[in-house]
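Peer 1: the following block contains a protein sequence and its predicted model.
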Amino acid sequence: MSILFCIREQFLPITGSFSFRINRLLKRLEDSEKIFLIPKNQDKKIVERTYNSFTFQTYTPIPRFSYWYKSLAIFPFVLECSTMMKKISKMNDVKAIYGFGFTVALNYMSMTNTPLILDICEADLPYARLGNQSFISSFLTSNVENFILSSLEKKEGEIFVLTRAMKDYLKERVLNSEKIKIAYDGTDPSIFKPKSFDEKREHPCIVFTGDLGSRDGVDVLIKSFVHVKKEFEDARLHIIGDGPFLPRLKNLASKLKISENVVFTGWIPFEKLVESLPNFLLGVVPSKYHLMNDLAIPRKTFEFMAAGIPVIASDLSAMREVIENGRSGLLFEPYNHEALSEKILRLMSDSHLYNKIQKNGRKISEKYGVDNEVAKIERSIRKYAS
């Protein structure tokens, strides 16, 4: 069977994030003939690359857009990709298309008979991402989203989402629930080596990993850490990641006089992250309320659990799918830094609760491990490509 993969070039080679999922999927489909249609990154000339045992070409010469106004080029971009999809599918007798994101869905609209297995995350949904900015953006993004979803409904194939909350959201929009499947964005628990509470309690370190933006709630975490430091003077807060809010977060830590205890590391290689995570006592996911956050389970949640780090997270819809409060993690009211500090102090002081959550969190990471979830997508691809 021949499968056309339409994915972003920056996902290859694997460095973590969503590419972890695609990497495992490619390995599971090693016996299948694959062709790749990959929009290249800005200012890069990619002709041929080897990835694992796969050699592939970048067919489309359209660069990614570095400024918002260049997004006007989306129309010729979609036209060219659609033309290439048709041409490649016909030349190679493609039986199924696997794609990531709504851009692929737009490219696919003019295709007729080839089944599409589409993988989407919350950031791919125009209304969920931008609909709250103004009346105009709400109107435009809602209609664009509904148009794409209603068009996909008429096509053969399946759509994979990351959470039950995303599935419910799409059902409420227009999409037939039978077409929507769930494949959580899990990690590989076997690559993490958890440590016990006693091994970590002497030098308690709390960790956050990810983007530092307006929706991520790291300011709430820093405010909560003031109360933690009063009880545990040698406690440290490590913030791994980067983003537009980094300067103001550093200023906030300085203003609250906790700079010496807050460590901003920037991004670190995925391999180093896997090695260092088990050393942390707690992991926090302090997302603020936003429709995108309500639909998503950040992948760090599964990574923390796999590393043996109990998770304290904002009480949002998707997060409740994997965290049972007091059993596999702790939930707190979004924005409430006092409630968050209370949860942190509780876990730091209660070894029995810590051990229970650590054990059950690890089970959750295994249940939704990347190989289990990717197997669902593989079965769908094979079903339509056979």
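Peer 2: That came through fine.

Peer 1: leaving out sequence neighbours, find the closest residue to F304.
Peer 2: Of all residues not flanking F304 in the chain, G283 sits nearest, at 3.4 Å (CB to CB, 6 or more residues apart in numbering). Glycine gets a C-beta too; all of them are placed from N, C-alpha and C.

Peer 1: next one: stretch 298-315 to chain centre, how far?
Peer 2: Chain-centre distance of stretch 298-315: 13 Å, with CA atoms, centre = their mean, to the nearest Å.

Peer 1: ok, now stretch 271-284?
Peer 2: Chain-centre distance of stretch 271-284: 18 Å, with CA atoms, centre = their mean.

Peer 1: quick check: the nearest residue to G308 once chain neighbours are set aside vs F100, distance?
Peer 2: Ranked by CB to CB, 6+ apart and with sequence neighbours excluded, the top spatial neighbour of G308 is P194, at 2.4 Å. According to CB to CB, to the nearest Å, P194 stands 31 Å off from F100.

Peer 1: neighbour count for the two, which is higher?
Peer 2: F100 (22 against 18; other CB atoms under 10 Å).

Peer 1: isn't the more buried one right next to L116, touching?
Peer 2: No: with contacts counted by CB atoms under 8 Å, F100 stays clear of L116, the gap being 11.3 Å.

Peer 1: what about this structure, any weak spots by pLDDT?
Peer 2: Applying pLDDT under 70 to the chain flags the ranges 1, 7-19, 35-81, 103-104, 106-112, 122-124, 126-127, 129-137, 174.

Peer 1: quick one: the strands in it, in order.
Peer 2: Using DSSP state E, the strands of the chain run over 2-6, 33-37, 48-51, 54-57, 96-100, 116-119, 157-161, 180-182, 205-209, 236-240, 262-264, 282-285, 311-314, 330-332.

Peer 1: now the helices for the stretch 51-200 of the chain?
Peer 2: Applying DSSP state H, counting those that start in this stretch to the stretch 51-200 of the chain gives helices spanning 74-92, 102-108, 126-130, 135-153, 164-173, 197-200.

Peer 1: return the residues in contact with the residue nearest to F304.
Peer 2: For G283, the contacting residues are 206-209, 277, 300-301, 304, 307, 309-312, by CB atoms under 8 Å, 6 or more residues apart in numbering.

Peer 1: could you single out the nearest of these to K200?
Peer 2: Checking these against K200 by CB to CB gives I309 as the nearest, at 9.0 Å.

Peer 1: bridged to the nearest residue to the closest one once chain neighbours are set aside, which residues?
Peer 2: Nearest residue to I309 in three dimensions, chain neighbours excluded: G283, at 4.2 Å (CB to CB, 6+ apart). Beta-bridge partners recorded for G283 (DSSP bridges): V207, V311.

Peer 1: before we move on, back to that, contacts only, for the residue nearest to G308.
Peer 2: Applying CB under 8 Å, 6+ apart, one finds that P194 lies in contact with 278, 306-309, 358, 362.

Peer 1: repeat the analysis, applying 10 Å as the threshold.
Peer 2: Residues near P194 by CB atoms under 10 Å, 6 or more residues apart in numbering: 277-278, 305-309, 358-359, 361-362, 365.

Peer 1: can you tell me which of these are buried?
Peer 2: Buried subset of the contacts of P194 (neighbour count, 16 or more other CB atoms under 10 Å): 277-278, 305-309, 358, 361-362, 365.

Peer 1: and those residues as a markdown table, adding distance to D234?
Peer 2: Shown next, in a markdown table, are the buried ones among the contacts of P194 (distance: CB to CB, whole Å):
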| residue | distance to D234 |
| --- | --- |
| L277 | 20 |
| P278 | 19 |
| M305 | 25 |
| A306 | 27 |
| A307 | 21 |
| G308 | 21 |
| I309 | 18 |
| Q358 | 21 |
| G361 | 25 |
| R362 | 27 |
| S365 | 29 |
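
Peer 1: looking at those, which are in helices?
Peer 2: Among these, DSSP state H puts 305-306, 358, 361-362, 365 in helices.

Peer 1: of the residues you listed, which is the nearest to A375?
Peer 2: A375 has its nearest neighbour among those in S365, at 16.0 Å by CB to CB.

Peer 1: contacting residues for the nearest residue in space to E33 that is not next to it in sequence?
Peer 2: Sequence neighbours aside, S2 is the residue nearest to E33 in space, at 4.5 Å (criterion: CB to CB, 6+ apart). The contact partners of S2, by CB under 10 Å, 6+ apart, come to 32-35, 88-89, 91-96, 385.

Peer 1: now swap in K229 and tell me
Peer 2: Contacts for K229 (CB under 10 Å, 6+ apart) come out as 235-237, 256-258, 260-262, 341.

Peer 1: and stretch 177-185, how far apart are its ends?
Peer 2: Using CA to CA, to the nearest Å, one end of stretch 177-185 lies 20 Å from the other.

Peer 1: now do the buried residues in that stretch.
Peer 2: Using 16+ other CB under 10 Å as the test for burial, stretch 177-185 gives 179-185.

Peer 1: same deal with stretch 281-293?
Peer 2: Residues 281-288, 290-293 are the ones in stretch 281-293 that count as buried (16+ other CB under 10 Å).

Peer 1: and if you look at stretch 370-386?
Peer 2: Those would be 370, 373-374, 377-378, 380-382, 384-385, for stretch 370-386 by 16+ other CB under 10 Å.

Peer 1: let me have those in TSV, extended by distance to G213.
Peer 2: Below are these laid out as TSV (distance: CB to CB, whole Å):
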residue	distance to G213
V370	25
E373	26
V374	28
I377	28
E378	33
S380	32
I381	33
R382	38
Y384	37
A385	38
